[in-house]
Structure formats: C-alpha cells, structure tokens
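K.L.:
below is the structure, and that's it, no one-letter string:
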C-alpha cells in the first residue's frame, strides 16, 4: 500500500501557499491591519468595557476564547507546521488548568474554604479526606503552580513523544495513541481517588475572578498580552531554521531523514511546545471560567480544538487564532439559539473544514491578491465601522426605536442599519472583503456582546449571504454547483490519473 | 412457499416454548386443594389445622398460590377457580397483570385464545391477615425447599442455610433423597453442611467441614472462616485444624474458579474487540481510512437490535419474543452495512489518500450518528435479552458460565471464521486482497476498485453492527456506547499490525485477556491506563505490530 501511495501522485492534502515576498503596498496594508487589531483589542474593548457597553460576562467570554486561541497556536505548531495530528491537546490544556485550579482552590490562592470542611477544598470532605494530601501542599505557592503547569504537560508530552516518535510511529498511529491517552486520562481524572475532584472537577475559587469587572478586565488584558507574546514567539520559531525543518517533516519526512536530520527530536520538540502552549492557555482559562472538570479533556474536545485550526486554516498562525475565535463564537451563538441542531452543525463544520483545507485564511490571501491588483476595501471597513458604532449607540440607548414596528421579528431600526451598511459598501470593493465583512461583523458583534436578541436567525442569514455574494462574484457559485453534480456522475479519470490508474 | 415455511417454523417454536413452560408443573391432589381452601377460609380452627397438613405434604407446587395469598395476588373467579396475578408486564404501552391458574400456572385465555390480562387488582383479592403471618412464612419456607421450579427451589435451600434454620434440616435431608438434578443436590449438601457447621454437635461439625472442603463453594468458604473464629475461641483444636486444612483447599479452588471467570470474561470481551478490529483493520488495509465512526456503527447495530425487539413486542405474539435475536443479528449487519456504504459514498470516497483528513471526517460522521440516535432514542435505554440467553451454565460448583457470554464467544468465533472464509476463499475476497496489495495493477486488470471500496466499507461497518447487536446482552444502550470500545479496538489494530486479520484476532484476544486479568487487581480505569502503557512499551519492541507486512508493503 505504501508502494501504491508513493507511485500514484497523491491528491495534495493541503497546499501551503508559499510565503510570498510581498510588495511595499501589501506590507503597509498588513501593518495597518495589525495596528487596527491591536487598537481594537487593547484600547477599544477595555474602553467600551469601562463605558459599560461591553458587559463583564461578555468580556469574560472573550477572555476565555483568547485562551483557546493560545492553545490553538500550539495545535497549529504541531499539526499545521510539523504535520503531526495530536488528539490529546485538550489533556495538556487541562493539566495546565488543573495545576492553576489547585492553587486557586487552596486558601492561599483565595479559594473558598470553610471551617466546617477543615479549611481545605470542599470536595475533600465529600471524599472523606480530612487533611490536605502532601502533594497538594506545594501548590499553595503561585510560582510553584505555574512551574508545575508547565513542567507536567512537558513531561507527559516528552515521554509520550520520545517513546512514540523514537521508533518512527507516524501519522495516524500517533493520532490513535494520543487519542487513547486522552481517553485514559479522562477516565482517570474522573475518579475520586485521584483527589482532583472527580467528575465535579475543581471549583469554589476566589469569586470576583470571573464576576467582577476589574478582575475580568485584568485577566482579559493578561490573556491578550500573552496571546500576542506567544504569537510572536511561535511566529519567530516557524520563521527560523527550526520551523523550516518542521515544515520539511510535514512535507516529506523520509527525505529529511535521509538528509541526516532526526525528525523524532524535532517532532518531540514541536509536541512539547504545543503542550506548553496548551497548558498556558489552560492556566489562564481556569480563573476566568471559575471551574475545571474532566469533561474539558475528552477526546471530543481535543478533536474540536483541531477543528478550530482546520476552520482557520492550518499552517498559518493567524488562521489558528481566527479559527478558534470564529468556531467558539459560532458554538456559543448556536448552542443558545438551537441547542439540538448544534451537533449536526458541528459535524457540518468538520466536513466543511475538509472541503476547504486552507480554511478562512484563503480569504486573506485572496484579499491581498486583490489589493495588489488595485482593489480597495475602505468601503467595507467603513460599513463595518458604521454598523458596529450603530450597535454601540443602540446599546447606549441613543437610537430611538422608530415606533417599534418589526419586520420578520426584527425591529425597524435594525433593518435600517443593515440597509445603510449594505449601501455603504456598494461600489468597487475587493470581493474577498465581502465575506470578511460578514464574518468580521459576526465575530466583533459577538465579542462585544452587541448582538440584538432578535437576530437569532438573521445573523446566520447575513453571514451566509455575504459568502454567497462572494461566491457569485467570483463565479464559484455555478461552477461549484456543477462540480457538486459531477460528483454523482460516473467518475472519469482525467489527465495523469487516467494513465497511472485510479487514484485511491 | 415462504409463508408455509415461516408458519411451520412459528408453529414449531410455539410448541417448543409451551413444552418448556409445561415442564415445571406438578400435580396437586384434591385433598391438598381442599386443605388450601381451609387455609384461606374464614374458620380459625380449620385454618390452623391446615398448616401442619400442608407442611407434611411437602408439595412444592403449592408455593405460588401461597405466595400469592401472602401478598394479596390471589383471586377467586366467579366460576370458583383460584387464580393468581403474576408480575406486571407491558401490554400495548399499558402495565397489566397476567392471570394464571393457581394450581397449574397456565395463563388464562380469553374466548378467542389470547391471554387474559387485568389492568389492576380487583376488590375481591384474597389476602392473609397478620395473625397467621408467621405460620404462613414458615409454611412457604418449608414448601419452597420442594418448589417445582429448580431455580426457586435452589434459592430457598440457600436461604435456609443463610438463616441457619435448623428446624428445616430434616426437610433438606429428605429432599436430598429425592433430588436428582446434580446442581441442586450439591446445593442441598452444601446447605445441610453449613447448618451443621453452624449449629451441630462436634462430630457433625467435623463431618460438615469435610463436606464443605469437598464442595469448595464460596458460601462454604465464608462459613468456614466464621467457624474458624468460633472454634479458636472455643479452643477446639481438632476442629481448628480441620477447618484450616479445608480453608486452604477451598481457597485454592476458589482462586482457580476466579481465574477461569477472568479468562472467560476476557475471551468474550476479546471476541467483541476482534469483531470490531477486523472491520477496522480491513478498511484501513484497503483504503488507509482511519474510521473513527466505527464505534458509532456499533451503536447503530445495537439500536437496530433494540428496534427489532420493540417491533416484536408490538406486533409478534409474546411467546415468540425470545426469538427476536435471531432476526436482529442479520438485520443489524444489513442496516449498519448500508449506513457504512452511504458514508463511504457521501464523504469518505472524496478523501482517499488523506488519512488524517478522513480521521476528522469520520469523527464528524460519528457526531452526526450520535446526535441522531440521541434525538430518536433518548439517552439510555436497555434491551431485554432473550430468555434462552439468560442464566448460566454451572460447570462445577460456583463455576457458572453465563450463557450470554458463551453465546458471544461462540457467535464471534463463527463470525471470525466466516470473515476468514470470505477474505481467503471467495471471489470477493480475492478482489479485496488484490486491491489491498496493489490498487493500480488491480484496477488495470479490471477489478472494480471503487465498488470493492464501497462494499468493503459496508462489510466492515456491518461487522461492527453485529458486534453492537450483541452488546445489549450484557450492557445498557446509549448513544455514546461505541466510544469506549472503539479506542480499545484501535489499540487492537495497532498491536496486531494494520490490515492483518491474524494480527487483529491475536491482539484482540490478548487485549481482552489482559484487560480482564488486570481489572481485578487495579480498578477498571487504571487497568485501562496500564494496558495503554503496556501497548506503548510493546510498540518499542515491535513498531509495526505483531504481524508486520513484509517486502514491498512494509515501506510505510
């Protein structure tokens, strides 16, 4: 079979776009985009929060999703760059989280302990343990907890990576073994004898951490700073020689091996790095979430984390972050709007992620290409700014309700906003910016917590419409439909495949 | 033609089931019936007089009527017949009492021949009052020792020994003379010895220790331990020595019994894993597809069995319910196979050559299947195993092999042989192997590789479905049930060597044994982790499994 796979030209599973040497205009554009994002994250959101436009719980949710984005960077490092699919990423996330949670549930970490439960975390009482186990004691100090949160996942990842990569177990075998590891760890953490709270997990932390504003804002800013820092770090790693070797492992490990490299060492490095990033995300996630349970480390969650990166586009760090935010905002929106349909839509996301191997990042590449050819996106940005400002004004109750008449359950003022937004972006805009407007509007509005409650259906319609408009403008709508129809006809091998035999 | 065959089969089955039902009845003489009438009558003296007479009769067939009388489930019909209400059953969604004759236990029929049910208790139920409760309880205990139903008789005998009811010792010894069935005779000897050990004279105790040593049962073990303590307190040296000797013998016997149990449980777990792993292994060998939805195919098979059982409950005479399983197994294979082929056609076909992507895609499919099952069937349901698979087969004292496990092992063995035959001896197997070994050449020689892919995927899924259909024999059904098994069966594939039937079979058996041997020493969860650690270590020794490919195929 291997012989077959080598002889037959493989369908390229995923074609990483070469890192283009961008011209000056593109570089300027990128700088502006990054600056704009930094302003939104570090100035606009805190200011809006202090003004009372962004509710604390909404900011808290955003902070948690930033932690997910940190973990997603790790997945991108190991999967997107080194091409190794690890299915126990949620386990590392949870190990980091548990270490932090242990500190937070002790009195030294501000845990809610009571004299009637011997002044130790309450779950011990229910497990008939009266004194703090000795291995819990060091976690009273924050530095120890932080160090442990890094060392433990690195140890697990190092051991597993060393043993598995050493004898060239690769590809899906590695995924299967990590999946079994995640499953076993989930079962073990669910036991009460582990003295980690069993299925109920660890909770009863210092209350204001995830309910009072200064704490929430502080933790949000901390997460954002850490995200930016880890992004820069991983970016530097992937641009270095080391990153090149990782990409080489993904593209042709055997050739690299014959060139005298030791892929196992590099893979173990990437695996440990990914585990550390996940643990970092978990560490910041726990105080904002207020609870951690073994349910976060199930195999499903690991695969769900992989899907974030697949949605965003693997092999691109921007993609990982965007994917994590987009997937999670979609998750939170859909689970509240139509909880029963969510698993179906999640499954659809899986399949969609496979149909578009480069994910959302394709749009960005496309956009840069269009800009190089002279397209402009000012109008799109203007309309995005308009609708966000309008929604902010609405939240501040500046906008009158215009008599309260509703069309299709949505008030007239919102329809007016949408119409003005659409009119504003009429003209010569880059095609790729249209779905980006839709998706960006969705992410921003969800992140700010500005989505009017009556938009439960409308928001999906709007986002989908922008995508359809884009597909129409690009001429993909008809051809895509035709190729879909072709899939149900008898396949006729074409080109090289017709001469070599049928490609599996 | 088919209809005749089916109706003949149905008639045969009905005859068989009524034969089974008829065996447990024993005649009750009219005098006894009259005594029973006195017992439930109004006259206090004749009531009291009836107890010794009935007790002396020793006719166990009276027990159902007596128990019904005690719990108020006895009724006199207008024609004077005494009937008892049996425990409630579900009839067309309503919970009803089946009604049976108090003496023969035959169900009452309506005029059209269908069984008679009562929606609730009538006002005229006969019930014993509290004044005679003790006598009645004693009468039931005595007669239960002679109960016509072997299982109930046995439980009654054990119960007597548990209560150390020496007054019934004579009854037990009398019953031992008439007892022919081996198991019950053993139980009787055990119970007699236990009573003697607890309450007898010195010689009796020594003799009882000998008997218990010879039988080696776990109940005897507990009694021996207790007796050892009392004997030590009483400083009864010969007895202490005898008991210590007996304990050593019994404990080693019990250890052997436990090991046989673990082996047996391991064998049955292993055979289910093998069924799953065979499908996975064939699919992976042929298409390089890691099928994470395999566990969910198993779940589909289990729910197919559930639907068949529900269908039988609703539309097929109750006497035939026990045979639903005969239909459920092939249907589970077909339905799951079709679902598998549908998945292959709709999704997996487009992802060949991209193993990691198929992994994610099949995970998506598994989410879909789980949620669909949850919407249709709810969270947890269970399935009544057919009657002929309940209970156990007692090979030696305390060594009971549960029939469902025996069935699973035999059935899986048959399936494995069938798969082997299909792959090695049939034309489909030939084409399958050809495509597995060299796809382009096989295609060039005219093998319809795409059809082979689809059929093979369906076949592998069908095997998982069959495995799923036998899971309800010992476990509950829920939409997530497949996930626990699929992780294990992946381990089987990895250990056995991918795409190797012999590897899957060996590794499946080994993993089953290992899990069940480790479980008693560690908790089940830690057992799983230990097995996982062992597998990682094993892969250090043999990175491509027990049976690696040789030659060109080994390059991967």
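P.N.:
Structure received. Treat the numbers as computed from the prediction; the structure is a model and nothing was measured.
K.L.:
contacts, neighbours, all on C-alpha from now
P.N.:
Will do.
K.L.:
shaky segments in the stretch 301-450 of chain A?
P.N.:
A:404 (pLDDT under 70).
K.L.:
report the contact partners of the residue of it found nearest chain B.
P.N.:
Nearest residue of the stretch 301-450 of chain A to chain B (CA to the nearest CA) works out as residue A:347 at 4.3 Å. The neighbours of residue A:347, taking CA atoms under 8 Å, 6 or more residues apart in numbering or on different chains as the test, are B:363, B:364, B:365, B:367, B:368.
K.L.:
these: which ones sit near chain A?
P.N.:
Counting by CA under 8 Å from any CA of the partner chain, B:363, B:364, B:365, B:367, B:368 from the contacts of residue A:347 sit close to chain A.
K.L.:
check what pLDDT the first one gets.
P.N.:
Looking back up the chat, that one is residue B:363. Per-residue pLDDT puts residue B:363 at 85.
K.L.:
right, and it touches residue B:293 too?
P.N.:
Yes. Taking contacts as CA atoms under 8 Å, residue B:363 lies within contact range of residue B:293: 5.9 Å.
K.L.:
which one's more surrounded, the two?
P.N.:
Taking neighbours as other CA atoms under 10 Å in any protein chain shown, residue B:363 and residue B:293 compare with residue B:293 leading, 28 against 24.
K.L.:
host element of the residue nearest the centre of chain A?
P.N.:
Centrality entry for chain A: nearest residue to the mean C-alpha point is residue A:324, 1.6 Å, by CA atoms, centre = their mean. Using DSSP states H and E, residue A:324 sits within helix A:317-337.
K.L.:
which one of the contacts of residue A:347 is nearest chain A?
P.N.:
Comparing these against chain A with CA to the nearest CA places residue B:364 closest, at 4.3 Å.
K.L.:
residues contacting that closest one?
P.N.:
Residue B:364 sits in contact with A:346, A:347, A:348, A:350, A:351, where contact means CA under 8 Å, 6+ apart.
K.L.:
please report the number of neighbouring residues for residue A:476.
P.N.:
14.
K.L.:
ok, back up a step: quick one: which of the contacts of residue B:364 is most hemmed in?
P.N.:
Among the contacts of residue B:364, residue A:350 has more neighbours than the rest - 26 neighbours, counting by other CA under 10 Å.
K.L.:
pretty sure that residue sits against residue A:305.
P.N.:
No. Using CA under 8 Å, residue A:350 is not in contact with residue A:305; the gap is 11.2 Å.
K.L.:
residue B:114 and residue B:317, how far apart?
P.N.:
9 Å (CA to CA, to the nearest Å).
K.L.:
ok, now residue A:160?
P.N.:
Taking CA to CA, one finds residue A:160 at 57 Å from residue B:317.
K.L.:
so what's the nearest residue to residue A:427 once chain neighbours are set aside up against?
P.N.:
Leaving aside its chain neighbours, residue A:427 sits nearest to residue A:379 (7.8 Å; criterion: CA to CA, 6 or more residues apart in numbering or on different chains). Applying CA under 8 Å, 6+ apart, we find residue A:379 in contact with A:424, A:425, A:426, A:427, A:429.
K.L.:
among those residues, which are in helices?
P.N.:
residue A:424 (DSSP state H).
K.L.:
is there a quick ChimeraX command that grabs whichever of the contacts of residue A:379 are buried?
P.N.:
The buried residues among these can be selected in ChimeraX (16 or more other CA atoms under 10 Å in any protein chain shown) with this line:
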select /A:424,425,429
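K.L.:
distance to residue A:69 added to the contacts of residue A:379, as JSON lines?
P.N.:
Formatted as JSON lines, the contacts of residue A:379 follow (distance: CA to CA, whole Å):
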{"residue": "A:424", "distance to residue A:69": "32"}
{"residue": "A:425", "distance to residue A:69": "30"}
{"residue": "A:426", "distance to residue A:69": "33"}
{"residue": "A:427", "distance to residue A:69": "35"}
{"residue": "A:429", "distance to residue A:69": "30"}
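K.L.:
point out where the stretch 451-556 of chain B drops to low pLDDT.
P.N.:
B:549-556.
K.L.:
now do chain B
P.N.:
In chain B, residues with pLDDT under 70: B:1-27, B:180-181, B:397, B:549-556.
K.L.:
let's see it at 50
P.N.:
B:1, B:15-25, B:556 (pLDDT under 50).
K.L.:
picking that back up, the helix holding residue A:324 near chain B at all?
P.N.:
No. Judged by CA under 8 Å from any CA, helix A:317-337 makes no contact with chain B; its nearest approach is 13.8 Å.
K.L.:
from the chain's centroid, how far away is that helix?
P.N.:
Mean C-alpha position of helix A:317-337 versus that of the full chain (CA atoms, centre = their mean, to the nearest Å) differs by 7 Å.
K.L.:
stretch A:437-448 too?
P.N.:
15 Å.
K.L.:
hmm, back to that, show me what the helix holding residue A:324 packs onto, helices and strands only.
P.N.:
Packing partners of helix A:317-337 (3 or more CA pairs under 8 Å, 6 or more residues apart in numbering or on different chains; DSSP states H and E): helix A:56-75, helix A:299-312, helix A:342-355, helix A:433-448.
K.L.:
Throw those helices into CSV and include distance to residue A:49, thanks.
P.N.:
Below are the helices and strands packed on helix A:317-337 laid out as CSV (distance: least, CA to CA, whole Å):
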stretch, distance to residue A:49
helix A:56-75, 7
helix A:299-312, 27
helix A:342-355, 30
helix A:433-448, 9
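K.L.:
quick one: closest of those helices to residue A:292.
P.N.:
Nearest to residue A:292 among the helices and strands packed on helix A:317-337 is helix A:56-75 (12.5 Å), distances taken as CA to CA.
K.L.:
show me what the closest one is packed up against.
P.N.:
For helix A:56-75, the packing partners by 3+ CA pairs under 8 Å, 6+ apart are helix A:213-239, helix A:263-289, helix A:299-312, helix A:317-337, helix A:433-448.
K.L.:
give me the buried stretch members for the very next helix or strand once past it, please.
P.N.:
Moving toward the C-terminus from helix A:56-75, the next helix or strand (DSSP H and E) is helix A:89-105. Going by neighbour count (16+ other CA under 10 Å), the buried part of helix A:89-105 is A:89-105.
K.L.:
what's the burial count for residue B:112?
P.N.:
6.
K.L.:
and residue B:393, which of the three is it?
P.N.:
Three-state assignment for residue B:393 (DSSP: H, G, I helix; E, B strand; the rest coil): strand.
K.L.:
residues in contact with it?
P.N.:
Here residue B:393 is in contact with B:400, B:401, B:402, B:403 (criterion: CA under 8 Å, 6+ apart).
K.L.:
buried ones only from the residues you listed, please, as a PyMOL command.
P.N.:
To isolate the buried members of those in PyMOL, using 16+ other CA under 10 Å:
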select buried, chain B and resi 401+402+403
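K.L.:
out of the contacts of residue B:393, which are inside helices?
P.N.:
Of the contacts of residue B:393, the ones assigned to helices by DSSP H are residue B:403.
K.L.:
in CSV, list the contacts of residue B:393 along with distance to residue A:457.
P.N.:
Output for those, formatted as CSV (distance: CA to CA, whole Å):
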residue, distance to residue A:457
B:400, 60
B:401, 58
B:402, 55
B:403, 55
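K.L.:
in the contacts of residue B:393, find the pair that's most separated.
P.N.:
Among those, B:400 and B:403 lie farthest apart (CA to CA), at 8.9 Å.
K.L.:
quick check: neighbours shared by these two?
P.N.:
With CA under 8 Å, 6+ apart as the test, residue B:400 and residue B:403 both reach B:392, B:393.
K.L.:
can you give me the helices in the stretch 351-500 of chain B?
P.N.:
For the stretch 351-500 of chain B, the helices defined by DSSP state H, counting those that start in this stretch occupy B:355-377, B:403-425, B:427-437, B:439-444, B:449-470, B:481-496.
K.L.:
number of residues surrounding residue A:38?
P.N.:
14.
K.L.:
distance of it relative to chain B?
P.N.:
33 Å (CA to the nearest CA, to the nearest Å).
K.L.:
got the contact list for the helix or strand in which that residue is found?
P.N.:
Assigned by DSSP H and E, residue A:38 falls within helix A:24-39. Here helix A:24-39 makes contact (CA under 8 Å, 6+ apart) with A:368, A:371, A:372.
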